[in-house]
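Engineer: what's the 3D shape of this:
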Amino acid sequence: AAYQSTKWNPLHDVESGVALYEALLRSVEKQESLKKETLDDGNVFPAGDVDKTSLGDLMNRQLLRQTIFPKLMRVLSQWKAELDRTGTHIEDGLESWLLPWMPHLNHPAILTQLTTDLKRKVRSALSCLSRGVNDKTDFLRSSVATLRPWRTLLRKETVYDLTTKYITPRLVK
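Structural biologist: You can find the predicted model right below:
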């Protein structure tokens, strides 16, 4: 219910959102462990009668895929690359609010959908840096900080294309 609230903003409530999800996950795992011990020790049900869908799987499917992920995607689609007050970094960079969720978003369907939008937003951030950061050293640092967290998720060709299109031309001027 907290994740469905209009008050939960994945962009600004990163730590509390991830902490709540991980606490729920630990609680579910503990309950499943206790349930398994009870079933193993008491032989309450024959092994073939136990429901194969774990509470953790249900939580992943219901809470993560149907509530948290859509909200993250909505924020990602609305996110606009803008420079911060210093004029050298991206305000609320993708890595600051999306990266903490990545260990939990490890389903192929989720990653495929996320990667498409993420590429577009990283491109937008690099373009914003290229247009707005005058100092080459600041530009390079910020560009690397923007691109580095996503190098394992994005294909090598994509990282190469982004680098050659947005970073290299600025450095040779």
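Engineer: my guess is residue 124 meets residue 76, correct?
Structural biologist: No: with contact defined as Cβ atoms under 8 Å, residue 124 does not count as touching residue 76 (11.0 Å). C-beta here means a position set from N, CA and C on the backbone, and glycine is covered the same way.
Engineer: the more surrounded of the two?
Structural biologist: Higher neighbour count among residue 124 and residue 76: residue 76, with 19 against 16, using other Cβ atoms under 10 Å.
Engineer: look up the closest residue to that one, ignoring the ones flanking it.
Structural biologist: residue 117 (5.2 Å; Cβ to Cβ, 6 or more residues apart in numbering).
Engineer: mind pulling up the pLDDT for that neighbour?
Structural biologist: What the model reports for residue 117 is a pLDDT of 95.
Engineer: cool, the one 4 residues further on as well?
Structural biologist: Residue-level confidence at residue 121 comes out at 97, pLDDT.
Engineer: which strands or helices does the helix or strand where it lies pack on?
Structural biologist: Here residue 121 sits within helix 108-132, counting by DSSP states H and E. In terms of contacts (3 or more Cβ pairs under 8 Å, 6 or more residues apart in numbering; DSSP states H and E), helix 108-132 is packed against helix 69-78, helix 94-97, helix 136-147, helix 156-162.
Engineer: CA atoms of the longest one as CSV?
Structural biologist: Spelled out, that is helix 136-147. What follows is helix 136-147, C-alpha atoms only, in CSV (Å, rounded to 0.1, in the frame of the first residue of the first chain):
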residue,chain,number,x,y,z
LYS,A,136,36.3,19.8,-20.4
THR,A,137,37.6,18.2,-17.2
ASP,A,138,34.2,18.7,-15.5
PHE,A,139,32.4,17.5,-18.6
LEU,A,140,34.5,14.3,-18.7
ARG,A,141,34.1,13.6,-15.0
SER,A,142,30.3,14.1,-15.2
SER,A,143,30.0,12.1,-18.4
VAL,A,144,31.9,9.2,-17.0
ALA,A,145,29.9,9.4,-13.7
THR,A,146,26.7,9.3,-15.8
LEU,A,147,27.7,6.4,-18.1
